[in-house]
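Q: need the 3D shape of this:
(2 chains)
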Amino acid sequence: MILCSSALPRLKESLVAQFQKALWACDGGDLDKDSSGVARRAWNLLDIICRILELAGHLYIPSLHMMRNLDVCRKIYSRARSSEQNDALVLLAALRKILHFMFTATDISRDPAHLWYARSFLQGCPHSPEDFDGLVDYLDYIYSDDQEAAYDVLLLLGSMGVHCSPAKQHLFIERLVACMDSTMPPHLRDAALRAAHSAREEMASIDAMDDRLRDMVLTKLSPAILSVVCPPPGATPEEYPDRLFNYGRDLCYLQLVFALAKNSDWHPHLSEDRHIDRCISMIPDYCNSESPTQHAFYMAGIFLRITPEHQSVTSLDLVTEQQWWDVMRSAWIQLPYDILDTRDFELLPVLVDGTKKYLQISSKSDLEKLIGRVDQFLEILEGDMQLKRQLQEIGPEMQSLEQEEGIAIAVKELRSAASDMLESFGKQLLVT
Amino acid sequence: MTFLFALIQDAQCSFYSPGPVRATGAFARRSLYVSSAALHKGLRSLVPGSSTNVVDSEAQPLDQDSDVLAENDGTLTLHLPDIPTSDLEAPSVKWLLETSTDPEVFLTAASLVPQVEWPLDLDISDLLPQLYDIFTSCVNIQRQIIPSLEEKAFACTMALSHLYYGRVLQAQLDHGNFICSEDTDYRVFLEMGSMCSANGPIFNMTINLCLPEYASYGWFPSVSEDFPDSVLEWMSHVLPYHFVTGRVDQRGEDLAIAVISKMLSSPSSPSTQIIANCTLLACVMVGAQVDKKDIVRIDKRCHRFILWILCHD
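A: Below you'll find the model as predicted:
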């Protein structure tokens, strides 16, 4: 029998689109206004909609309607808060199903194993931090009774990479700390770490916070974050098998600490709360010469940013020269794939200086690898600069172009320093 | 074996001589021309998979024998014009229902009715009264089905219900009078239902298409009933008709959701056909604009297109 492969995905697409429309017409679960019956049917279909979409096949539908769906959630939540208990339970159950529908329609898995890689994009969807304040209220309302619903909220915030407004920040961080508690289930703690990662730039600016908020971030959140990524002091690894090596979680954690380390006010706290110790302990896992990972870039960033005042960070003294070199070398070999699109880029001049410092202890093969990788990067960078120059001719000034030019010069210096070093290897060979 | 020969002979005979054929004109000629081959193909592909008990017992030998025949019997090698099979199946089954005198052929054809696609432009207006006549011929003076004709009556009512759905979509008339000139369709179905309780859920579904104006509630079967899979599958196919024609109430909606849930929640993963049926049903429930052709299509995996409003919102 001939199968027309396009049929079912198109049916699914149509269903998602139509279901969305009907859902928006529900007006937060107020079905009395609905004369056509369509909204009521959509409401009733909530029970089974995810199953239909899952079975209808995988088709990535970028949801342009996330914000409108969130608005439906906000309305349902406020209706639930003002309803009698039984109605409230029904509404809260519906709210959860709508969140699940949002996940399914944008192909986000609720499976904790996929937590670190779940992404939903809000491009083309205007939004502001205030739009997510409702989710924080909802989290606050349900987190102690319904851990799965709390997981959904944190997964949503984490996958969208968004955070709430300053007005809700205190409540949000308080609830994050609660969800990171060691008594909570592991997947909820992980989801809270991911949501904290989404708000990392805000967490970094402790100098801009009021005393109460800063106090909570430093005394509660910082230790809580560490407790998610490593077992408590004195515990044996066997007791916490899930708290050790975890590729996705460790990367999330390092990116978070990397962002915090941008602010020097954080440095003493990162050290005192043993975040630096934790980062150092990850060196063998992620900076080995066989298969370095992009974790190395963030570790390099954290160490290099803290170093200038490292008199206070005694644990960094214990890092051997070889380890420093391993981190620097690995950072170059696995630069983050999106480095030109993010502020991670700003680290490169520092990374160039840091790398030069340890060049003299590198081996010949390390140097060859480093030069090869630096050349690749320069090629990409120059392509990007070329494009920006062309754009600049027809459009506005490209601010990042100047910065990129400066970085290109610095990276080329690193390249020539490395190749000089490589040549000296040859000379040494000739002398002997 | 004998059964298949009867079918083929019936078809062949009609091809060479006008015999019992009532249909006239170009359409009839085309039907005749294609019917034996289409039937051959149709029977092979549809009957073994059929859940209808009428032909199940014979399905296996039938399948094997037909292969042998296809190779050995020169009379079967008709050169068919390149017409999609789906265009041929319904006219062939219709023609068999109208013409065959062999009771077994009739039973087979009737059981094929829900399994082939009935194009909206195929005129079935005569077929409904005819099937009803055949049904009444299975009923005795006490208004009971004659025990020896139960199978025939059952197949007749199933076919009648199924075709009725297509007829309603074709005609778009309220409170129809398609089956029997002396009585409303509503009363006809009620009467058949009282005599043929095995098809209860099917009648209860169909009755909702022809409710009289005074009816204050529908007849949708209760969601708590434990329907066999074949009935569930049939429901998943016909429920969209209710939504597009507006002949549905709260019970019907509940039933639709229950049917989707039951079919998709089974531990064994459902077939693409069932997923397609359920997805289309859900689309129609939330008001997607669907082409009538897509509603009648049995194999919705080949569903061509659905107009969706929202994408252009």
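Q: quick one: low-confidence ranges for chain A?
A: A:1-7, A:58-64, A:237, A:239-244, A:289, A:309-313, A:428-432 (pLDDT under 70).
Q: close to chain B: what parts of it are there?
A: Counting by CB under 8 Å from any CB of the partner chain, the positions of chain A adjacent to chain B are A:1-4, A:7-8, A:10-15, A:17-22, A:36-38, A:40-42, A:44-45, A:47-49, A:51-52, A:55-56. (C-beta placed from N, C-alpha, C; glycine too.)
Q: out of those residues, which end up buried?
A: A:7-8, A:10-15, A:17-22, A:37-38, A:40-42, A:44-45, A:48-49, A:51-52, A:55-56 (16 or more other CB atoms under 10 Å in any protein chain shown).
Q: among these, which ones are in helices?
A: A:7-8, A:10-15, A:17-22, A:38, A:40-42, A:44-45, A:49, A:51-52, A:55 (DSSP state H).
Q: doesn't A:Arg305 make contact with A:Leu316?
A: No. Using CB atoms under 8 Å, A:Leu316 is not in contact with A:Arg305, being 11.2 Å away.
Q: low-confidence ranges in the stretch 101-250 of chain B?
A: B:172-175.
Q: can you give me the neighbour number for residue 162?
A: Picking chain A for this. For A:Val162, the count of nearby residues is 20 (other CB atoms under 10 Å in any protein chain shown).
Q: my question was about chain B
A: Neighbours of B:His162 using other CB under 10 Å come to 21.
Q: in which helix or strand would I find it?
A: In this structure, B:His162 sits in helix B:150-171 according to DSSP states H and E.
Q: that helix - contacts with which helices or strands?
A: Counting contacts by 3 or more CB pairs under 8 Å, 6 or more residues apart in numbering or on different chains; DSSP states H and E, helix B:150-171 packs against helix B:53-72, helix B:103-112, helix B:127-137, helix B:185-195, helix B:200-207, helix B:229-245, helix B:292-296.
Q: if you set the cut-off to 7 Å instead, what comes out?
A: helix B:103-112, helix B:127-137, helix B:200-207, helix B:229-245, helix B:292-296 (3 or more CB pairs under 7 Å, 6 or more residues apart in numbering or on different chains; DSSP states H and E).
Q: any chance of the ones you listed in TSV, with distance to chain A and mean neighbour count too?
A: TSV is the format used below for the helices and strands packed on helix B:150-171 (distance: least, CB to the nearest CB, whole Å; neighbours: other CB atoms under 10 Å in any protein chain shown):
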stretch	distance to chain A	mean neighbour count
helix B:103-112	16	22
helix B:127-137	27	18
helix B:200-207	18	22
helix B:229-245	8	21
helix B:292-296	9	19
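Q: can you lay out the ones you listed as JSON lines showing distance to B:Cys180?
A: Formatted as JSON lines, these follow (distance: least, CB to CB, whole Å):
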{"stretch": "helix B:103-112", "distance to B:Cys180": "18"}
{"stretch": "helix B:127-137", "distance to B:Cys180": "5"}
{"stretch": "helix B:200-207", "distance to B:Cys180": "14"}
{"stretch": "helix B:229-245", "distance to B:Cys180": "21"}
{"stretch": "helix B:292-296", "distance to B:Cys180": "24"}
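Q: the ones you listed: which one's closest to A:Gln123?
A: Comparing these by their distance to A:Gln123 (CB to CB), the top pick is helix B:292-296, with 32.8 Å.
Q: helices or strands up against the closest one?
A: helix B:150-171, helix B:229-245.
Q: how about these, which one is nearest A:Asp265?
A: That would be helix B:229-245 among the helices and strands packed on helix B:292-296, by CB to CB, at 61.9 Å.
Q: next, the angle from the closest one to helix B:150-171.
A: 20 degrees (axes from the mean of the first three to the mean of the last three CA atoms, to 10 degrees).
Q: and the helix or strand that helix B:229-245 is followed by, what other elements does it pack with?
A: Heading C-terminal from helix B:229-245, the first helix or strand you meet, by DSSP H and E, is helix B:250-264. Packed against helix B:250-264, as judged by 3+ CB pairs under 7 Å, 6+ apart, are the following elements: helix A:38-45, helix A:49-55, helix B:229-245, helix B:272-285.
Q: how about JSON lines for the ones you listed, with distance to B:Cys210 added?
A: Shown next, in JSON lines, are the helices and strands packed on helix B:250-264 (distance: least, CB to CB, whole Å):
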{"stretch": "helix A:38-45", "distance to B:Cys210": "23"}
{"stretch": "helix A:49-55", "distance to B:Cys210": "30"}
{"stretch": "helix B:229-245", "distance to B:Cys210": "11"}
{"stretch": "helix B:272-285", "distance to B:Cys210": "20"}
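Q: so A:Leu15 touches B:Thr279, yeah?
A: Yes. Shown here, A:Leu15 and B:Thr279 form a contact pair, counting by CB atoms under 7 Å, at 5.7 Å.
Q: what is in contact with the two at once?
A: By CB atoms under 7 Å, 6 or more residues apart in numbering or on different chains, A:Leu15 and B:Thr279 have these common neighbours: A:Ile52.
Q: still on that earlier bit, right, and the helices and strands packed on helix B:292-296 - which one's nearest B:Ser194?
A: helix B:150-171 (11.6 Å).
Q: which residues touch the closest one?
A: Contacts of helix B:150-171 (CB under 7 Å, 6+ apart): B:54, B:103, B:107, B:110-111, B:113-114, B:118, B:120, B:124, B:127-128, B:131-132, B:134-135, B:138, B:145, B:176, B:178, B:192, B:196, B:198-199, B:202-203, B:206, B:209, B:238, B:241, B:245, B:292, B:295-296.
Q: with just CA atoms, put stretch A:266-280 into PDB.
A: The C-alpha trace of stretch A:266-280 is given here as PDB (Å, rounded to 0.1, in the frame of the first residue of the first chain):
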ATOM      1  CA  TRP A 266      31.300  37.300  43.300                       C
ATOM      2  CA  HIS A 267      34.900  36.000  43.400                       C
ATOM      3  CA  PRO A 268      35.300  35.600  47.200                       C
ATOM      4  CA  HIS A 269      31.900  33.900  47.400                       C
ATOM      5  CA  LEU A 270      32.700  31.500  44.600                       C
ATOM      6  CA  SER A 271      35.800  30.500  46.400                       C
ATOM      7  CA  GLU A 272      34.400  30.300  49.900                       C
ATOM      8  CA  ASP A 273      31.400  28.300  48.800                       C
ATOM      9  CA  ARG A 274      33.800  25.800  47.200                       C
ATOM     10  CA  HIS A 275      32.600  26.400  43.600                       C
ATOM     11  CA  ILE A 276      36.200  26.900  42.500                       C
ATOM     12  CA  ASP A 277      37.100  23.600  44.200                       C
ATOM     13  CA  ARG A 278      34.300  21.900  42.300                       C
ATOM     14  CA  CYS A 279      35.500  23.400  39.000                       C
ATOM     15  CA  ILE A 280      39.100  22.300  39.600                       C
END
